[in-house]
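In: sequence and predicted structure are below.
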Amino acid sequence: MLTTLQRSKTPSGTAFIDSGQGRETIVLIHGVGMRLEAWGPQLDRLARQWRVIALDLPGHGSSALLGKPPRLSSFVEWLDRTLDELGIGPVNIAGHSMGALIATGIVATAPEKVRRIALLNGVHRRTPAARQAVEARADEIFSGSFDREAPLKRWFSAEESESKAYDLVHSFLRTVDPQGYAAAYKAFATGDSVYSACWPHVKCPALFLTGDGDMNSTAAMAQEMAAAAPRGRAVVIEGHRHMVNLTAPEKVNEALLEWLSWEVENDV
């Protein structure tokens, strides 16, 4: 059963939780159709040593709708404003899927606000066939007719269909606001190349993590981004797909804790 966490809200309507304490802050941004509870295993572990702020995307969880055109740049502007409203920065930012694209945008446009960046199951320069498929799904979702069960087949293996992680994600998809979902998916579908050229210029430590079975946020994508970033590292977790932070939480937490130990240029 889903346990909903008690949220606060920024002046512009972004819902968030603020837990733990420490010298540094970590901001967690979930993916399309999810909500901040999708970071449950990471919230529990990271808050033992760090201040952790998890956000609901616009139109997800308890956050207000975006109110702007459904472009990736609009979501990046949302994050930039949210960080200002929270009065935090520079921070460590970890994003999953759509959250990874937003994290890419903020490190590309406001690098002074980012200490370290982590992309979990991030997409990067899809092939033309993959782009055509995801944009077709986005158009269908935006029309108001979409299958809330379909992502589960891509995100989980058959063996994982009886897991608690599967049930949790299923519950998120069943309850997500249709308008919020459609706007985020449209930006996700068209955003894989918007900030993709930034990585050679990103000076902060950058982690790129995915599962080897993720068919859309592939290991090759993670490795390509890591190779382009001066301080990039790729981690590929075997036997897992798109929701790796829930299906392999110990391994993901281990990778995140190691990432948080990497020296930042200003600290050296």
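Out: That came in fine, so what should we check first?
In: list the residues that contact residue 264.
Out: Residues near residue 264 by Cβ atoms under 8 Å, 6 or more residues apart in numbering: 115, 116, 204, 205. Quick note: C-beta positions are derived from backbone N, CA and C, even for glycine.
In: over to residue 156?
Out: 163, 165, 166, 169, 241, 242, 243, 247.
In: how near is the third one to residue 120?
Out: By that I understand residue 166. Look at residue 166 and residue 120: by Cβ to Cβ, to the nearest Å, they are 18 Å apart.
In: who has more neighbours, those two?
Out: residue 120 (33 against 18; other Cβ atoms under 10 Å).
In: now that one: closest residue in space, sequence neighbours ignored.
Out: Once flanking residues are discounted, residue 120 sits nearest to residue 96: 4.4 Å by Cβ to Cβ, 6 or more residues apart in numbering.
In: next, give phi and psi for that neighbour.
Out: phi -110, psi 130 (degrees, to the nearest 10).
In: residues making contact with stretch 213-220?
Out: 97, 100, 121-123, 126, 130, 134, 154, 157, 210-212, 234, 236, 239-242, 244.
In: actually, stretch 183-192.
Out: With Cβ under 8 Å, 6+ apart, stretch 183-192 has contacts from 31-33, 57-60, 65-66, 70-72, 74-75, 97-98, 101, 105, 123-126, 131, 134-135, 137-138, 141-142.
In: okay, now the unreliable bits of the stretch 151-268 of the chain?
Out: For the stretch 151-268 of the chain, residues meeting the criterion pLDDT under 70 lie at 266-268.
In: all strands for it, in order.
Out: 206-211, 232-237 (DSSP state E, counting those that start in this stretch).
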